[in-house]
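**Q** Okay, predicted coordinates and the sequence, questions at the end:
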Amino acid sequence: MNDLDFLRTPEGRALLDEVRDADPAQELAVATRLRRTHPAPLVSAALGQARLRQRAVAKFGAADAGRMFFTPNGVEQSTRASVAAYRAERLHGLGVRSVADLCCGIGGDAIALARAGIRVLAVDRDPLTCEAARANADALGLADLIEVREADVTEVDTAPYDAVFVDPARRGGRGRIFDPEAYSPPLSWAVAAARTASRAAALKVAPGIPHEAVPADAEAEWISDGGDVKEAVLWFGAGAAPGAVRATLLPGPRTLPGTGLPDPEARTPGRYLYEPDGAVVRAHLVAEVAAQVGGGLLDATIAYVTADELLPTPYATAYEITDRMPFNVKKLKALLRERGVGTLTVKKRGSAVEPEELRKKVRPQGPNAATVFLTRVAGAPTMLIGHPAR
């Protein structure tokens, strides 16, 4: 029996409940105590699953994570539930009622699709991963909508399904894979599979995908959640605008479409600095944000927008700039001491300085807070000091 077999027995479920909130620092003592009344392999499996569930809360929420079953790779590579739900709702809105979910992992996307009322064929070639996907569909009451199949995704007939969703593996033995053709399966295969979908298709890719690698007949969407860029999606078929780009921010959703604006001109720093959301930057839509706020770039190579007026936009965070100076640690330290700054947020674009190292050098002390931007202005290393605009 493998770990999941153990953990799905009545004894295993009871033990999982018992170790649900186990403190990792006390794990040895907990394991020693539990092994007096339970088999050692079951105790190890339960404690390992408890650690994975605790890690998974950030992606799936406490309620779902506390019932689901995970593998280490499954926690790492699963789509965040909010992003999966957004994508599932978009597919549902396109009239999709069945999806072939290829490279399904532990079933995160399949769960979101099923909750949107979509029937799912979830396919993965790894036996343990498939077992976790089945266990999760059952644990969340979605087994009637999710069929899990252990198979090579390249051999699956997707013709009976309205849509295809592909999430190729983007990690190998040496870590992240940046070449789309080194994905498993390769991006070219996934694109070919998407083009055969009867209604629509979505391919999940790394947010750092080069724009030139996006097929001409795909719409490219970069998605962030809570300000963190999570993924890019290539859309095909119904509802997709070939060649279009967009940035979508969650929660919301708020979507900024590309309008083909040229890069904005660099200009002298104004009273306000706008930090575009990472999805906006990845989608190359900084010009659209600059147009919204009537601003320009601090530097032609840096994605910071500056403007003279405060015009709030959901696609960028605004800061009021109080000071500007060439990069100089001693001068910054003196200014922070004079202002009584004890809480210092350090942001950087176009600077080699590490924020934590700068904080150690300036040793901020005092009751006030400030934000320092390490960047370039007209090519020169510059520090801009300010605070979130009100």
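**A** Great, that's in hand.

**Q** how about low-confidence regions in the stretch 101-250 of the chain?
**A** The model of the stretch 101-250 of the chain has pLDDT under 70 over residues 172-174.

**Q** Repeat the analysis, applying 90 as the threshold.
**A** 169-184 (pLDDT under 90).

**Q** ok, which stretches of it are strands?
**A** 119-124, 146-150, 163-166, 171-172, 175-176, 200-205, 219-225, 228-237, 245-250 (DSSP state E, counting those that start in this stretch).

**Q** ditto for the stretch 251-390 of the chain
**A** Using DSSP E, counting those that start in this stretch, strands in the stretch 251-390 of the chain cover 254-257, 272-276, 296-299, 302-307, 316-326, 341-348, 368-377, 380-388.

**Q** just to revisit the earlier point, including distance to Gln26, could the strands of the stretch 101-250 of the chain go into JSON lines?
**A** Where you see a C-beta, it was placed from the backbone N, CA and C, and this is true even at glycine. Formatted as JSON lines, those follow (distance: least, Cβ to Cβ, whole Å):
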{"stretch": "strand 119-124", "distance to Gln26": "35"}
{"stretch": "strand 146-150", "distance to Gln26": "35"}
{"stretch": "strand 163-166", "distance to Gln26": "41"}
{"stretch": "strand 171-172", "distance to Gln26": "31"}
{"stretch": "strand 175-176", "distance to Gln26": "31"}
{"stretch": "strand 200-205", "distance to Gln26": "38"}
{"stretch": "strand 219-225", "distance to Gln26": "32"}
{"stretch": "strand 228-237", "distance to Gln26": "31"}
{"stretch": "strand 245-250", "distance to Gln26": "36"}
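
**Q** out of those strands, nearest to Thr9?
**A** strand 146-150 (19.9 Å; Cβ to Cβ).

**Q** and the closest one, which strands flank it?
**A** Paired neighbours of strand 146-150 in the sheet (DSSP bridges): strand 119-124 (parallel).

**Q** picking up where we left off before, winner for burial among the strands of the stretch 101-250 of the chain?
**A** Mean neighbours per residue, mean count of other Cβ atoms under 10 Å, is largest over the strands of the stretch 101-250 of the chain for strand 163-166, with a mean of 29.

**Q** neighbouring strands for that strand, and are they parallel or not?
**A** strand 98-102 (parallel), strand 200-205 (parallel).

**Q** Export these as CSV, with columns for distance to Leu336.
**A** Shown next, in CSV, are the strands paired with strand 163-166 (distance: least, Cβ to Cβ, whole Å):
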stretch, distance to Leu336
strand 98-102, 51
strand 200-205, 42
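
**Q** Leu47 is nearest to which of those strands?
**A** strand 98-102 (30.5 Å).

**Q** How far off centre is that closest one?
**A** 21 Å (Cα atoms, centre = their mean, to the nearest Å).

**Q** Name the residues that touch it?
**A** 91, 109-110, 113, 118-123, 153, 156, 158, 160-167, 190, 193 (Cβ atoms under 8 Å, 6 or more residues apart in numbering).

**Q** mind running it again at 7 Å?
**A** By Cβ atoms under 7 Å, 6 or more residues apart in numbering, the surrounding residues in contact with strand 98-102 are 91, 109-110, 113, 118-123, 153, 156, 158, 161-166, 193.

**Q** again, but for stretch 322-330
**A** Contacts for stretch 322-330 (Cβ under 7 Å, 6+ apart): 269, 331, 335, 361-362, 374, 380-386.

**Q** gap between the lengthiest helix in the chain and the chain center?
**A** Across the chain, the longest stretch assigned as helix under DSSP state H is helix 40-65. Here the centre of helix 40-65 is set off from its chain's centre by 20 Å, with Cα atoms, centre = their mean.

**Q** just checking, what packs against that helix?
**A** helix 3-7, helix 10-19, helix 27-34, helix 72-77, helix 81-93 (3 or more Cβ pairs under 7 Å, 6 or more residues apart in numbering; DSSP states H and E).

**Q** returning to what we had before: just the buried subset of the contacts of stretch 322-330, please.
**A** Burial of the contacts of stretch 322-330 was assessed by neighbour count (16 or more other Cβ atoms under 10 Å); the buried members are 269, 335, 362, 374, 382-386.

**Q** biggest separation within those, which pair?
**A** Pro269 and Val362 (21.3 Å).

**Q** which one of the buried ones among the contacts of stretch 322-330 is nearest Leu4?
**A** Proximity to Leu4 was ranked across the buried ones among the contacts of stretch 322-330 by Cβ to Cβ; first place goes to Leu374, at 47.4 Å.
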